[in-house]
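>>> curious how this folds, go ahead:
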Amino acid sequence: MRKGLAGQRLVAVFIAGLVLLNYPILSLFDRPQTVLGLPLLHVYLFSVWVALILVVAWIVERGAR
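Below is the predicted model:
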């Protein structure tokens, strides 16, 4: 994979992270509900955070080959 394409994908992941971790989306998950005893907002935040890290790692590793 070309470095330019990997860079474009990383920028897209960054923009997706900004959108997913910004106010309008976060307000959808700010409810008094729990998932396995954890607040829904916390589960959402950590799930998105882990997903972004995994996608970035996948892009970087794929670009290194």
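>>> quick one: contacts for residue 17?
Residue 17 sits next to 48, 52 when contact means CB atoms under 8 Å, 6 or more residues apart in numbering. All C-beta spots, glycine's among them, are computed from the backbone N, C-alpha and C.
>>> now it: which helix or strand?
helix 3-20 (DSSP states H and E).
>>> per-residue confidence averaged over that helix?
Per-residue confidence for helix 3-20 averages out to 94 on the pLDDT scale.
>>> quick one: residues in contact with the helix or strand following that helix.
As assigned by DSSP H and E, the chain's next helix or strand after helix 3-20 is helix 23-28. The contact list for helix 23-28 (CB under 8 Å, 6+ apart) reads 19, 41, 44, 45.
>>> tally of neighbours for the nearest residue to the last one once chain neighbours are set aside?
Across the structure, with CB to CB, 6 or more residues apart in numbering as the measure, the residue nearest residue 45 apart from its sequence neighbours is residue 21 (7.3 Å). For residue 21, the neighbour count with other CB atoms under 10 Å is 14.
>>> which residues touch residue 21?
Residue 21 makes contact with 45, 48, 49 under the criterion CB under 8 Å, 6+ apart.
>>> return the set of buried residues in the helix holding residue 17.
Of the residues in helix 3-20, those scored as buried under the neighbour-count criterion (16 or more other CB atoms under 10 Å) are 9, 13, 17, 20.
>>> highest neighbour count among the contacts of residue 21?
Counting neighbours by other CB under 10 Å, residue 48 leads the contacts of residue 21 with 17 neighbours.
>>> that one and residue 20 touch, don't they?
Yes. With contact defined as CB atoms under 8 Å, residue 48 reaches residue 20; the gap is 5.0 Å.
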